[in-house]
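# Got a sequence here, can you build the structure:
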Amino acid sequence: MFAYLVRRLFLMLVTLFGISVVIFFLLRIVPGNIVDILFAAAGYVDPADKANLEKELGIDQPLIVQYWHWIIGFLRGDFGYSYVSEKPALQEILPRIPITARLAGLALLFSASIGIPLGVISAVKQGTKLDYTLRVISLSGLSLPSFWLGLLILTASVAMFGQMPIFNPNPKTWLEAFATYAVPAAAVGFRSAALTMRITRSSMLEVLRQDYIRTARAKGASDAAVNYHHALKNAILPVITVIGIEAAFLIGGLIVTETVFNIPGVARFLVEAIRWRDYPIVQNLVMFIAVVVVFANFTVDMLYAVFDPRIRYTD
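Next up, the predicted model:
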């Protein structure tokens with residue numbers, strides 16, 4: 001087990017190093033930088049001023065030197081300064097992480113608490129009207145774009161209550177916090193719930209055909225015990241995989257939702273930083289998202305052994 005953990009940790013570090021190289025050089029390949037954008041917005045270009053600003057920001061140096069300075073500073077905890085606000089990059093990023101984390105967490109909770117039970121019911125009631133209804137709902141969830149669903153919710157809110165949901169960055173109580181994040185979380189979690197439901201249904205149908213399920217029924221086990229203790233327990237691994245992928249995706253994939261609902265989260269801030277070629281912000285945000293994705297995959301692998309005793313990670 002120890003050797004496996006060391007091996008996985010090494011692979012995680014190699015993956016993060018590769019991502020750092022890719023994102024750094026991809027940003028430099030894109031035409032234009034922050035200096036070009038600023039001078040274009042001002043309407044004039046003074047070569048001397050432009051050269052001085054590039055030197056001040058350090059973007060006149062060779063790319064290898066720029067990468068070396070950034071990665072060494074990153075490893076030391078020095079994340080640089082934003083080109084736009086001139087504030088420390090960490091100071092700009094940290095306040096936005098809890099906002100996106102709350103939104104993603106609530107969306108994931110909505111997805112799992114709705115998708116798994118409905119998936120089990122759909123599998124148990126296979127071929128019935130209820131099954132067909134749930135399958136249509138799940139297909140609708142996979143088909144409807146989250147931005148369209150968000151706009152529909154906002155329009156319905158205006159029509160019914162005369163106002164749109166307003167994001168409250170500093171809720172004073174848990175109830176206010178829930179009210180702030182519930183609507184956008186439901187909009188983005190509907191698709192995740194639909195995917196979770198379909199995966200749960202497919203996995204459950206496969207398990208319900210196994211011999212040990214028939215044996216459990218023959219021994220007089222109740223339907224609840226068979227469906228939730230025996231079947232779901234053995235069908236949960238694909239569902240865990242999907243939930244882990246969704247958890248990683250939601251951290252950086254909430255761009256549209258945060259824009260529609262005017263939420264100052266990580267994903268929306270990343271898009272704005274890319275537009276301004278704010279290299280320190282983009283690089284650090286992408287590395288943060290990469291760390292979340294890598295550790296989410298690692299957590300999923302560890303949960304396999306927890307839910308399925310047959311899985312063992314040996315040396």
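
# I'd like to know how many residues surround residue 104.
Here the count is done by other CB atoms under 10 Å, and residue 104 has 29 residues near it. C-beta: built from backbone N, CA, C; applies to glycine.

# buried stuff in the biggest helix by length in the chain?
Selection of the longest helix in the chain by residue count, based on DSSP state H, yields helix 174-208. By neighbour count, and taking 16 or more other CB atoms under 10 Å as the criterion, the buried residues in helix 174-208 are 180-205, 207-208.

# Name the nearest residue to residue 140, sequence neighbours excluded.
Leaving aside its chain neighbours, residue 140 sits nearest to residue 194 (7.3 Å; criterion: CB to CB, 6 or more residues apart in numbering).

# Tell me if I'm right that that neighbour and residue 142 touch.
Yes. Taking contacts as CB atoms under 8 Å, residue 194 lies within contact range of residue 142: 4.9 Å.

# List the residues that contact residue 188.
Under the criterion of CB atoms under 8 Å, 6 or more residues apart in numbering, the contact partners of residue 188 comprise 103, 107, 146, 150, 250, 254, 257.

# tell me the two of the residues you listed that are most distant?
Farthest-apart pair in the contacts of residue 188 is 150 and 250; separation 14.4 Å (CB to CB).

# Could you check which of the two has the larger neighbour count?
Taking residue 150 and residue 250 together and counting by other CB under 10 Å, residue 250 has the greater number of neighbours (26 against 21).

# thinking again about what came up before, look up the pLDDT of the residue nearest to residue 140 for me, please.
As summarised for this prediction, residue 194 has a pLDDT of 92.

# what does stretch 131-140 contact?
Among residues not part of stretch 131-140, those counted as contacts by CB under 8 Å, 6+ apart are 118, 121, 122, 125, 194, 195, 197, 198, 201.

# C-alpha coordinates for that stretch, PDB please?
Below are the C-alpha coordinates for stretch 131-140, written out as PDB (Å, rounded to 0.1, in the frame of the first residue of the first chain):
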ATOM      1  CA  ASP A 131     -39.300   4.300 -15.200                       C
ATOM      2  CA  TYR A 132     -40.100   5.900 -18.600                       C
ATOM      3  CA  THR A 133     -40.900   9.200 -16.900                       C
ATOM      4  CA  LEU A 134     -37.700   9.200 -15.000                       C
ATOM      5  CA  ARG A 135     -35.700   8.400 -18.100                       C
ATOM      6  CA  VAL A 136     -37.300  11.200 -20.000                       C
ATOM      7  CA  ILE A 137     -36.400  13.600 -17.100                       C
ATOM      8  CA  SER A 138     -32.800  12.400 -17.100                       C
ATOM      9  CA  LEU A 139     -32.600  12.900 -20.900                       C
ATOM     10  CA  SER A 140     -34.000  16.300 -20.500                       C
END
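
# model confidence over that stretch, on average?
Mean pLDDT, computed over stretch 131-140, is 92.

# Same question for it: list its buried residues.
Under 16+ other CB under 10 Å, the buried positions of stretch 131-140 are 131, 134, 135, 137, 138.

# Which ones among those residues lie within strands?
When strands are assigned by DSSP state E, not one member of those lies inside them.

# Would you mind putting these into JSON lines with distance to residue 278 alongside?
Written out in JSON lines, the entries for those read as follows (distance: CB to CB, whole Å):
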{"residue": "131", "distance to residue 278": "50"}
{"residue": "134", "distance to residue 278": "45"}
{"residue": "135", "distance to residue 278": "45"}
{"residue": "137", "distance to residue 278": "41"}
{"residue": "138", "distance to residue 278": "40"}
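
# closest to residue 64 among those residues?
Within the buried residues of stretch 131-140, the smallest distance to residue 64 is 49.6 Å, found for residue 138 (CB to CB).

# From residue 64, how far out is residue 51?
Per CB to CB, to the nearest Å, residue 51 is found 20 Å from residue 64.

# do the same with residue 205
Remark: distance between residue 205 and residue 64 (CB to CB) = 54 Å.

# For residue 300, give me its contacts.
240, 241, 243, 244, 245.
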